[in-house]
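Visitor: only the shape, not the letters, is given here:
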């Protein structure tokens, strides 16, 4: 009878130990966002009663794990207020999730199509090896008036929102050794 009791208790302890090792830690933001958008390259962001078309760009490391998910696009100038509010809301959400914001803004160069390079000043948030970068760049066009003078006109906004796991970025597979 004692042996059966020890076997049952041992079995239960092993099951508890196995269950604890199977429970994963909290999901990284880059994995959460990747799982939402992995099957699409085009999305629509609904904010402030308006719709903004955006593209999704995923970068993976050598182990085929996502380390960066970027949402970017260009919206008409009349969407500026909605985009600015979205950027602020994203930043507030990161602060509430335990991220720390670096003071100031930082330039990021982004050329998604290979034809036009955007330099966006971003707000940078970091939590351990995870980071989030949110930025909006006004696109200006110089109109030529009757007197030949040029005056800038705000025509659109280029936006850039990224979540990244810096620890995954540089992961690379070791090269196989030559054996004969």
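Guide: That came through fine. Being a predicted model, the structure only gives us computed values, none of them experimental.
Visitor: please, where are all the helices along this protein?
Guide: 2-22, 29-37, 80-96, 166-169 (DSSP state H).
Visitor: and the shortest one, how far out from the chain's middle?
Guide: Mean-position distance between helix 166-169 and its chain equals 13 Å (C-alpha atoms, centre = their mean, to the nearest Å).
Visitor: can you check stretch 35-47 too?
Guide: With C-alpha atoms, centre = their mean, you get 12 Å for stretch 35-47.
Visitor: let me know the pLDDT of the residue positioned nearest the centre of the chain.
Guide: Geometric centre of the chain, nearest residue: residue 163, 2.1 Å, by C-alpha atoms, centre = their mean. As predicted, residue 163 sits at a pLDDT of 95.
Visitor: so what's it bridging to?
Guide: Note on residue 163: beta-bridge partners by DSSP bridges are residue 69, residue 132.
Visitor: show the contacting residues for it.
Guide: Residue 163 sits next to 29, 30, 33, 68, 69, 130, 131, 132 when contact means C-beta atoms under 8 Å, 6 or more residues apart in numbering. All C-beta spots, glycine's among them, are computed from the backbone N, C-alpha and C.
Visitor: contacts only, for the residue lying closest to the third one once chain neighbours are set aside.
Guide: By the measure of C-beta to C-beta, 6 or more residues apart in numbering, the closest residue to residue 33 outside its immediate chain neighbours is residue 69, 4.6 Å from it. Residues touching residue 69, when contacts are defined by C-beta under 8 Å, 6+ apart, comprise 30, 33, 34, 37, 56, 57, 58, 59, 162, 163, 164.
Visitor: repeat the analysis, applying 10 Å as the threshold.
Guide: 29-38, 56-59, 161-165 (C-beta atoms under 10 Å, 6 or more residues apart in numbering).
Visitor: turn the buried ones among those into a named PyMOL selection, would you?
Guide: In PyMOL, a selection of the buried entries from the contacts of residue 69 looks like this (16 or more other C-beta atoms under 10 Å):
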select buried, resi 29+30+31+33+34+37+56+161+162+163+164+165
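Visitor: shaky segments in the protein?
Guide: The model of the chain has pLDDT under 70 over residues 1-26, 144-146, 148, 171-180.
Visitor: kindly recompute the last result at 90.
Guide: Under the criterion pLDDT under 90, the flagged ranges of the chain are 1-29, 38-40, 46-51, 61-64, 76-80, 109-119, 138-157, 166-180.
Visitor: flag every buried residue along stretch 36-55.
Guide: 37, 45, 52, 54.
Visitor: ok, so of those, who is nearest residue 151?
Guide: Residue 151 has its nearest neighbour among the buried residues of stretch 36-55 in residue 52, at 26.9 Å by C-beta to C-beta.
Visitor: so who does that closest one touch?
Guide: Residue 52 makes contacts with 43-46, 71, 73-76, 79, 82-83, 86, 157, 159, as judged by C-beta under 10 Å, 6+ apart.
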